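[1] give me a 3D structure for the following:
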Amino acid sequence: MAKERGRPRTSTVLWEGVARLLEAAAGSGGSGSAELTVVDLGGGTGGLAVRVAALGHRVVVVDPSPDALAALERRTVEAGLSDRVRSLQGDASDLAAVLEPGSVDVLLCHGVLEVVDDPAAALRAAHTVLRPGGRLSLLVAQWPATVLSRVLAGHLDQALHVLSDPDHRWSGHDPLRRRFDRASATALAEVVGFDVTAVEGTRTFSDVVPSAGTGSDDALALLRELESRASASPELLGLAGHLHLHATR
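    Here you go, the predicted structure:
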C-alpha cells in the first residue's frame, strides 16, 4: 500500500490532465503553441516542472525546501532546461510577495492544500497571481479512498477515525493535516473566485492493487487503461485517491 507522504506521484492520468489544461490555456491566448508562464507551487525537486518546461513553457517552482530546490537545479541542468525553469524559495503565503499579480498563465497546486495552515488563503494567493482567464490545476487527496485503503490494510480503527474526524485524518500520526472530497474541494475553490470546469479522479486503483499484480507489461497497460476510464466516471470518482480539479480564474 502506497503511503501518503510528500508530494503525490504524477500518474499517467494526472499528467494527461495537466497536459490538456496547458493546451487549453495556450489556446485561450489565440495559439495552441503559445509559451506559457507556469508556476508549480510546492513543486519540490521538479519532476512535474521539467515535463512542463519540455513542452516549451517557462516554469517557476515555488517551494520552502532549499534541499528540494537544489535537486531541482541539478535536474534542470541534466535535462538541458535550466533556461526555462527557475526556483523561488517560499510557500503559498509568499506567492503575492514573490510574483506579480496577474502575471501567471497556469498555476499547479498539487498536494499543497492538505498540508498548509490555511487552504483558503493558499487558493486566494493563487487567484491573485493568475491572470484573468488563467488556469488552476488543483490536486487534493480524497478521504473516501483513504477509508478503503485503511480497511484493505486491516486498520479498521483508522478507517473509522477517517470517517469521524472533521479533517478526515486516520490518526494523530497521519502525515496529512486534512483530506477533501469533490464537494468540499469544489466549494473551497469557488469561494475564492475560481470557476471549476472539470473534476477528474487519479490513482483510483493504483494504490490498492498489490504490486505483484502489475509485474508484467500487459498488466501495467491494463491498469493504465482502467485508471484512464475511471478518471472520467462519475460513479468511480468517489474511489479515487486524488481529485484533479481544473479551474479558471
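[2] pLDDT weak spots in this protein?
    Across the chain, residues meeting the criterion (pLDDT under 70) sit at 1-10, 29-33, 210-215.
[3] rerun that using 80 as the cut-off
    Across the chain, the ranges flagged by pLDDT under 80 are 1-10, 28-33, 207-216.
[4] now do the strands in it.
    Secondary structure of the chain (DSSP state E): strands at 37-41, 58-63, 85-89, 104-110, 130-141, 195-202, 242-248.
[5] for residue 223, which of those is the nearest?
    strand 195-202 (12.7 Å; Cβ to Cβ). Every C-beta, even on glycine, is put in place using the N, C-alpha and C of the backbone.
[6] quick one: contacts of the closest one?
    Outside strand 195-202, the residues that touch it by Cβ atoms under 8 Å, 6 or more residues apart in numbering are 11, 13-14, 17, 139, 142, 182, 185-186, 189-190, 227, 230-233, 236-237, 239-249.
[7] next, the angle strand 242-248 makes with that strand.
    Computed by axes from the mean of the first three to the mean of the last three Cα atoms, to 10 degrees, the angle separating strand 195-202 from strand 242-248 equals 160 degrees.
[8] for strand 195-202, which strands pair with it and how are they oriented?
    Within its sheet, and counting by DSSP bridges, strand 195-202 is paired with strand 242-248 (antiparallel).
[9] the strand it pairs with vs strand 104-110, what angle?
    Computed by the same axes, to 10 degrees, the angle between strand 242-248 and strand 104-110 is 160 degrees.
[10] all numbers from here: first residue = 318
    Shifting the count to begin at 318 puts that one at strand 559-565.
[11] can I get strand 559-565 in PDB? Just the C-alpha atoms.
    Below are the C-alpha coordinates for strand 559-565, written out as PDB (Å, rounded to 0.1, in the frame of the first residue of the first chain):
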ATOM      1  CA  HIS A 559      -6.800  12.100  -5.500                       C
ATOM      2  CA  LEU A 560      -9.100  14.500  -7.300                       C
ATOM      3  CA  HIS A 561      -7.700  16.700 -10.100                       C
ATOM      4  CA  LEU A 562      -9.700  19.900 -10.400                       C
ATOM      5  CA  HIS A 563      -9.400  22.100 -13.500                       C
ATOM      6  CA  ALA A 564     -10.400  25.700 -12.700                       C
ATOM      7  CA  THR A 565     -10.400  29.100 -14.400                       C
END
